[in-house]
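# test case, fold it:
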Amino acid sequence: MSVDNGAGAATRAGNRDGRRATIRDVAARANVSVATVSRVLAGNYPVTYGTRTRVLRAVRSLDYVANAHARALAGGGPESVAFVLEDITGPSFAHIAAGVEQETAKRGRLCLVCTTHGDKRREEDVVTLMREQRAAAVILAGGAERTAEYRERITAFAHQLDAAGSRLVLCGRPAPEVPPGGELPVTLVEYDNEGGAFGATAHLLSAGHRRVLFLGGLSANTTVQERRAGYHRALESYGLAPDPPLVVDTRFTREGGLHGMRGVLAGHRAEPGFTAVFAATDMVALGALEALREAGLRVPEDVSVVGFDDIPVSRELSPGLTTVHVPYEELGRSAVRMVLERRDSTDGGGAEEQRVRLGTHVVVRGSTAPPPRVPGEYA
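Purely as a prediction, here's the structure:
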């Protein structure tokens with residue numbers, strides 16, 4: 001004798017021929033119309049509690065949710081929004097992805113997260129697939145190098161998606177230049193990268209530091225360029241000339257910060273040639289802190305450290321990390337909100353560029369203090 005909990009019987013009853021459940025099966029099981037099922041699943045129309053409960057019970061018993069996802073990918077279900085990034089393990093990217101997912105779910109769309117690991121062909125494949133599936137939007141996140149190849153590729157993406165009724169969104173990524181009078185069908189969601197770097201460096205300079213190490217790189221990546229530009233602008237505002245040895249090239253990782261700082265300290269056996277560090281990301285700052293600790297240097301008594309991003313771990317350190325707050329989740333939500341509100345508007349929007357720029361600000365914690373010596377005592 002077997003025991004049946006009810007759900008299995010319900011599933012068998014709804015799929016006696018072995019086929020996948022359809023929205024009509026769900027409607028029949030819940031004793032509602034197909035339109036009502038669609039409204040419950042989309043969450044964009046008021047439905048009574050009792051009706052919603054019956055529909056969701058039918059969805060679970062028929063295992064319809066997985067099928068709905070497959071239908072979305074095939075272009076027959078809820079519209080999808082693709083979020084394309086290089087690496088999901090980066091804390092800042094993960095927070096943008098969270099914002100994208102929250103807003104797509106709120107608006108009854110399906111969120112797809114795709115990683116490229118820096119492979120341009122993979123990025124092109126995702127854009128091609130989303131164009132074929134008529135996705136509502138494709139969001140590309142992260143900095144890039146401003147090259148002719150980048151301009152041609154992103155311009156092509158924008159026009160290809162627009163022709164398919166979709167939309168390209170660049171999140172924290174530069175838009176390619178277009179000829180005067182020209183238009184690019186793209187949505188831009190930016191944040192004040194250079195301003196944040198200026199504020200971080202100015203915070204150190206205002207405390208009396210004059211030898212500030214920029215640990216982040218000489219890369220042509222726009223994210224690095226803008227943060228380096230903010231660092232240089234702050235120095236110039238205090239009448240200080242940029243000193244090339246104080247700009248150290250590292251990867252934007254904890255390991256990059258660790259090895260970069262070890263290299264700098266190895267070149268200054270007696271005393272470091274700086275009193276403060278502006279790390280281009282919080283992850284770089286974590287590596288720098290480890291290297292400083294290994295060298296017997298205290299933070300902030302011997303060296304002050306500032307990061308950039310304000311990831312959660314920056315608040316948990318002892319001392320807490322002074323850093324630049326970037327509203328990453330709001331970047332993701334804004335990217336989805338802008339493109340879907342444009343799409344859902346009465347006239348469907350136009351092909352013109354959309355742009356929004358979010359602010360950043362310095363969050364002061366315990367990792368910064370005035371320099372331990374008179375500025376200029378050692379160089």
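
# isn't residue 85 right up against residue 117?
No. If you go by CB atoms under 8 Å, residue 85 and residue 117 don't touch, sitting 9.8 Å apart. For every residue, glycine as well, the C-beta is placed using N, CA and C.

# more crowded one of the two?
Neighbour comparison, residue 85 and residue 117: the larger count goes to residue 85, with 24 against 10 (by other CB atoms under 10 Å).

# what bridges to the more buried one?
residue 115 (DSSP bridges).

# for this protein, which segments count as strands?
Secondary structure of the chain, counting by DSSP state E: strands at 80-85, 110-115, 137-141, 168-171, 186-191, 212-215, 247-248, 276-279, 304-306, 323-325, 354-358, 361-363.

# what's the burial count for the closest residue to residue 123 other than its chain neighbours?
Excluding its sequence neighbours, the residue lying closest to residue 123 (CB to CB, 6 or more residues apart in numbering) is residue 116, at 4.7 Å. As a burial measure, residue 116 scores 18 neighbours (other CB under 10 Å).

# please list all residues in contact with residue 116.
Residue 116 makes contacts with 84-86, 122-123, 126, as judged by CB atoms under 8 Å, 6 or more residues apart in numbering.

# nearest to residue 22, out of the strands of the chain?
strand 110-115 (17.7 Å; CB to CB).

# re the thing from before, any idea which of the strands of the chain is most buried?
Of the strands of the chain, the one with the most neighbours on average (mean count of other CB atoms under 10 Å) is strand 276-279, at a mean of 31.

# who does that one pair up with?
Partners of strand 276-279, by DSSP bridges, with direction: strand 212-215 (parallel), strand 304-306 (parallel).

# so which of the ones you listed comes closest to residue 111?
Residue 111 lies closest to strand 304-306 among those, at 33.4 Å (CB to CB).

# which residues are contacting the closest one?
By CB under 8 Å, 6+ apart, strand 304-306 touches 200-201, 203-204, 207, 209, 275-279, 285, 288-289, 292, 299, 321-324, 362, 367-369, 371.

# mind doing that once more with 6 Å?
Applying CB atoms under 6 Å, 6 or more residues apart in numbering, the contact partners of strand 304-306 are 200, 276-278, 285, 299, 322, 367-369.

# and of these, the nearest to residue 160?
In terms of CB to CB, no member of the contacts of strand 304-306 lies closer to residue 160 than residue 200, at 38.5 Å.

# mind listing the helices for this structure?
Under the criterion DSSP state H, the chain contains helices at 7-14, 23-30, 34-42, 49-61, 64-73, 91-106, 120-132, 148-163, 193-206, 222-237, 254-266, 282-294, 313-316, 328-344.

# which stretch in those helices has the least confidence?
For the helices of the chain, mean pLDDT drops lowest on helix 7-14, to a mean of 41.

# any chance of the strands paired with strand 276-279 in TSV, plus distance to residue 264 and mean pLDDT?
Shown next, in TSV, are the strands paired with strand 276-279 (distance: least, CB to CB, whole Å; pLDDT from 0 to 100):
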stretch	distance to residue 264	mean pLDDT
strand 212-215	7	97
strand 304-306	13	98
